[in-house]
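Participant: can't give you the sequence, but here's the structure:
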């Protein structure tokens, strides 16, 4: 017997926020999960003084953008791994899988200066597998301008 | 008349630290410049609770690694642009060039878990030009283990 | 006085196929231009024995995929550079610009095995500039399955 | 009982050339294996009219460079997977592993125009694992000038 998309989706929404809270650097970035599904994750963060990279133009540091896109990519890779293992696993077994997920590589393309009051990062799956997931990420600002795109490759548990 | 390597090197060491101090996110990361030459930059940061990505394994957040490698790549791209424009420019003209430098794209490969008391990021030039510089970056930990490598492409002023 | 999109589009369609014919490796790949506009290029090639990388599974060589995506990216980068320079240039000046266009870097993600009777590569612009263009490329097979995606960064003349 | 480096090295040198011959596109490129060890592979190809991308400057097509670097990366990934599985496997089991190896993603940086009478591609391992290998590739010309570098991520059998 296998878990349905709805069951996995619920499980994901129960487990992941707790997990995220325990990542100190994510708290520093001020990441909030907007929506979390098996096929798409959306996270938000607000512009803050500490996230600025260029004091003249007051734009986001490129590293902030890379960090947030990596978080979004990692979350959708985890979501995808839930779909790959539909058998009824315990919460502890799921947590082990989450814990084993890690970024192998990532490419970020910076398209426009990171200006805005808040930003939305989204991630979707490009390639799904039991060993490896490849993900596409995008960062938009509060005017829905595309600021950066990314592609990530994740080892999944 | 053109500036020599030594003159450019001195100029770089005078200008860049000031510039770096004014980048709030770099302060958050705790970045310190170890050495800064036209051909290589070396920066250091210490492990701190806030930079942790995985609370179980207590390793660096992938975004911290990407951020620091991007800073190192950007600095060597600026250093390289000094070499491309040897004519005697005013400090203000040099600053404009620095200010126009921006990351176009970056790839990070995560090779080993980011464990250590402190980390050293180095950057060198792969491709030098008046419009674009391509850079190679590496992150080692305090035991000189290679944690991550990166390649960046920068628009130069 | 500036050239309109229609005029540039016509110029592009007049110049580029001739140029492409003179690239021996493109002939080896069997590349045909399906459509060519300022905002999107579409090229096609047929599966042939020589393009196979894996003799057991009879799928495209990864290098063929990278080659075709690079050609598509380069063409849209040239098209974009036409838009960046709307002033009435001579054909010879345009040709010089085309000739100076070159790939700086490229990332290819291989998503599915390259099976099919023919393949369509498309390219669009992610970042437009007078110095550098960043492009997105996709390869679909004859059943419209997404085989590979790519991102390229091009120096433009 | 496990196979030694020397035994694995010998096995590799016995199996891989045969395998390579059966890849039609590699024959088209004119790839020859110069040396093949568990830790480094070196392959060579000669400049030929059909490999030219730019008829004015008579330089290698970017796709040729990407193709050859992908072949070198794939070979070192296979070599590395032999080290990961030292148990005595049959030739048929080894062949299955080879056959399952595939490129997940690749980044190529084009540093200098591809001019030369012949070219040497080398590949080494950056990250070694039972599921995934990350590789570094370089292309030099006959004057030992660095023409291009690459990074690849390979799924291993």
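Facilitator: That came through, no problem. Just so it is clear, the structure is predicted and the values come from calculations on it, not from any experiment. Residues are numbered from 1 along each chain as shown, chains lettered A, B, ... in the order given.

Participant: Now do the contacts for the residue in chain A positioned nearest to chain D.
Facilitator: Nearest to chain D, among the residues of chain A, is residue A:131, at 4.5 Å (C-beta to the nearest C-beta). Using the backbone N, CA and C atoms, a C-beta is placed for each residue, glycine as well. Counting by C-beta atoms under 8 Å, 6 or more residues apart in numbering or on different chains, residue A:131 makes contact with A:155, A:156, D:131, D:132, D:155.

Participant: Same list, these, but as JSON lines with pLDDT, distance to residue B:125 and secondary structure please.
Facilitator: Below are the contacts of residue A:131 laid out as JSON lines (pLDDT from 0 to 100; distance: C-beta to C-beta, whole Å; DSSP: H, G, I helix; E, B strand; the rest coil):
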{"residue": "A:155", "pLDDT": "96", "distance to residue B:125": "31", "secondary structure": "strand"}
{"residue": "A:156", "pLDDT": "93", "distance to residue B:125": "36", "secondary structure": "coil"}
{"residue": "D:131", "pLDDT": "94", "distance to residue B:125": "34", "secondary structure": "coil"}
{"residue": "D:132", "pLDDT": "97", "distance to residue B:125": "29", "secondary structure": "strand"}
{"residue": "D:155", "pLDDT": "96", "distance to residue B:125": "32", "secondary structure": "strand"}
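
Participant: got a winner among those for most neighbours?
Facilitator: In terms of neighbours by other C-beta atoms under 10 Å in any protein chain shown, those top out with residue A:156 at 23 neighbours.

Participant: Spit out the contact partners of that one.
Facilitator: Taking C-beta under 8 Å, 6+ apart as the test, what residue A:156 contacts is A:77-78, A:80-81, A:84, A:97, A:100-101, A:129-133.

Participant: In strands, which of the residues you listed fall?
Facilitator: Taking DSSP state E, the ones among these that sit in strands are A:132, A:133.

Participant: can you tell if the helix ranked longest in chain A touches chain D?
Facilitator: What stands out as the longest helix in chain A, according to DSSP state H, is helix A:62-84. No. Helix A:62-84 lies apart from chain D when judged by C-beta under 8 Å from any C-beta of the partner chain; the minimum separation is 12.9 Å.

Participant: residues of that helix that come out buried?
Facilitator: The neighbour-count check on helix A:62-84 (16 or more other C-beta atoms under 10 Å in any protein chain shown) flags A:62-83 as buried.

Participant: Could you pull out the strands in chain A for me?
Facilitator: A:32-36, A:41-46, A:52-54, A:59-60, A:102-110, A:118-127, A:132-141, A:146-155.

Participant: residues from chain A in reach of chain B?
Facilitator: So far as C-beta under 8 Å from any C-beta goes, chain A lies against chain B at A:22-29, A:49-57, A:61-64, A:66-68, A:70-71, A:74, A:99, A:102-110.

Participant: go with 7 Å
Facilitator: Contacts of chain A with chain B, taken as C-beta under 7 Å from any C-beta of the partner chain, map to A:22-25, A:28, A:49-56, A:61-64, A:66-67, A:70-71, A:99, A:102-110.

Participant: How about the contacts made by the residue nearest the centre of chain A?
Facilitator: For chain A, the residue nearest the mean C-alpha position is residue A:72 (1.1 Å; C-alpha atoms, centre = their mean). Residue A:72 sits next to A:41, A:43, A:121, A:122, A:123, A:137 when contact means C-beta atoms under 7 Å, 6 or more residues apart in numbering or on different chains.
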